[in-house]
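Novice: got a predicted structure plus its sequence, pasted below:
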Amino acid sequence: MHQVYLSLGSNMGDRQGNLQKAQTLLEQHPQINVIKVSGDYQTSPVGGVIQDDFINQAMHIETSLDPYELLEYIHQVESQLHRKRLIHWGPRTIDIDILFFDKVLMPDPKLTIPHAEVFNRLFVLVPLVEIIDADFYQFEKVQKAIEHLESNTDQSIERVK
Ligand SMILES: Nc1ncnc2c1ncn2[C@@H]1O[C@H](COP(=O)(O)OP(=O)(O)OP(=O)(O)O)[C@@H](O)[C@H]1O
Ligand SMILES: Nc1nc2c(c(=O)[nH]1)N=C(CO)CN2
C-alpha cells in the first residue's frame with residue numbers, strides 16, 4: 001500500500017461540511033483507506049485573490065491506486081462537490097492536493113510530487129505536521145518543508161476543531 005498525504009481546503013458554503021463530504025467520498029473508494037485526519041484550521045487566503053478565509057486540513061491515506069489514478073478520483077470527488085475551476089487560486093467548495101506519495105519525486109506538471117507549493121504554505125504544513133508518521137518525518141523533503149515553518153509567520157492560522 002502507498003502512503004499518501006493530502007491537503008484539503010474549502011472557502012465556499014459549509015466549509016467543514018464540504019471537508020466531511022470529501023472524506024466520506026474518499027472512504028467510499030474500495031482502494032483507499034483514510035488513516036488519520038488533522039484538526040480543522042481556519043486560515044487567511046494566500047496568493048493575492050481577495051476571498052473568504054479557508055478551512056484547511058491534512059489527511060493521511062493508504063491506497064493501492066497509482067498517483068494518476070488517485071488524482072483522477074480526487075477530481076471526481078471535487079466535481080461531486082460542485083468544484084468549478086473559475087479563478088486560479090480563487091474561491092472553491094473543495095480543493096484536494098497530493099502533497100506526498102510515498103517518497104516519490106515526480107516533476108510532471110500534470111502531477112508534481114511533492115506538491116510544488118508545499119514548502120511555502122503554512123496552511124499546508126501546520127496540519128501536516130500534526131498527523132505525519134515518524135518514518136515520513138525523516139524524509140528530507142519533509143524536513144526541508146518544516147524548516148520553512150519557523151521563517152513563515154505572516155499567514156494567519158487558527159485551529160478551530
Ligand atoms: N500534487 C498535485 N496535487 C493535485 N493536483 C496537482 C498536483 N500537481 C499538479 N497538479 C495539477 O494541478 C491542476 C490544477 O489544480 P487546481 O485546479 O486545484 O489548481 P488551482 O486551484 O488553480 O491551484 P493549486 O494547484 O495551487 O490548488 C490539476 O488538474 C492537476 O493536474
Ligand atoms: N489559506 C488558504 N489560501 C489558499 C488556499 C487554501 O487552501 N488555503 N488555496 C489556494 C489555491 O490552491 C489559494 N490560497
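Specialist: Thanks, I have the structure now. Numbering: from 1, shown residues only. Ligands and ions are numbered 1, 2, ... in the order given.
Novice: only C-alpha atoms for contact and neighbour calcs from this point on.
Specialist: Will do.
Novice: strands of this protein, residue ranges please.
Specialist: Along the chain, the stretches classed as strands by DSSP state E are 2-10, 32-37, 41-43, 54-63, 95-101, 106-108, 111-113, 157-159.
Novice: and those as a markdown table, adding mean pLDDT?
Specialist: Written out in a markdown table, the entries for the strands of the chain read as follows (pLDDT from 0 to 100):
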| stretch | mean pLDDT |
| --- | --- |
| strand 2-10 | 97 |
| strand 32-37 | 98 |
| strand 41-43 | 96 |
| strand 54-63 | 97 |
| strand 95-101 | 96 |
| strand 106-108 | 94 |
| strand 111-113 | 96 |
| strand 157-159 | 91 |
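Novice: in JSON lines, list those along with distance to ligand 2 and mean neighbour count.
Specialist: Putting these into JSON lines (distance: least, CA to the nearest ligand atom, whole Å; neighbours: other CA atoms under 10 Å) gives the following:
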{"stretch": "strand 2-10", "distance to ligand 2": "4", "mean neighbour count": "22"}
{"stretch": "strand 32-37", "distance to ligand 2": "16", "mean neighbour count": "17"}
{"stretch": "strand 41-43", "distance to ligand 2": "4", "mean neighbour count": "23"}
{"stretch": "strand 54-63", "distance to ligand 2": "5", "mean neighbour count": "24"}
{"stretch": "strand 95-101", "distance to ligand 2": "7", "mean neighbour count": "22"}
{"stretch": "strand 106-108", "distance to ligand 2": "18", "mean neighbour count": "12"}
{"stretch": "strand 111-113", "distance to ligand 2": "14", "mean neighbour count": "18"}
{"stretch": "strand 157-159", "distance to ligand 2": "8", "mean neighbour count": "16"}
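Novice: out of those, nearest to V124?
Specialist: With respect to V124, and counting by CA to CA, the nearest of those is strand 2-10 at 6.2 Å.
Novice: how about that closest one and ligand 1, any contact?
Specialist: No: interface with ligand 1: strand 2-10 contributes nothing (CA under 6 Å from any ligand atom), its closest point being 8.1 Å away.
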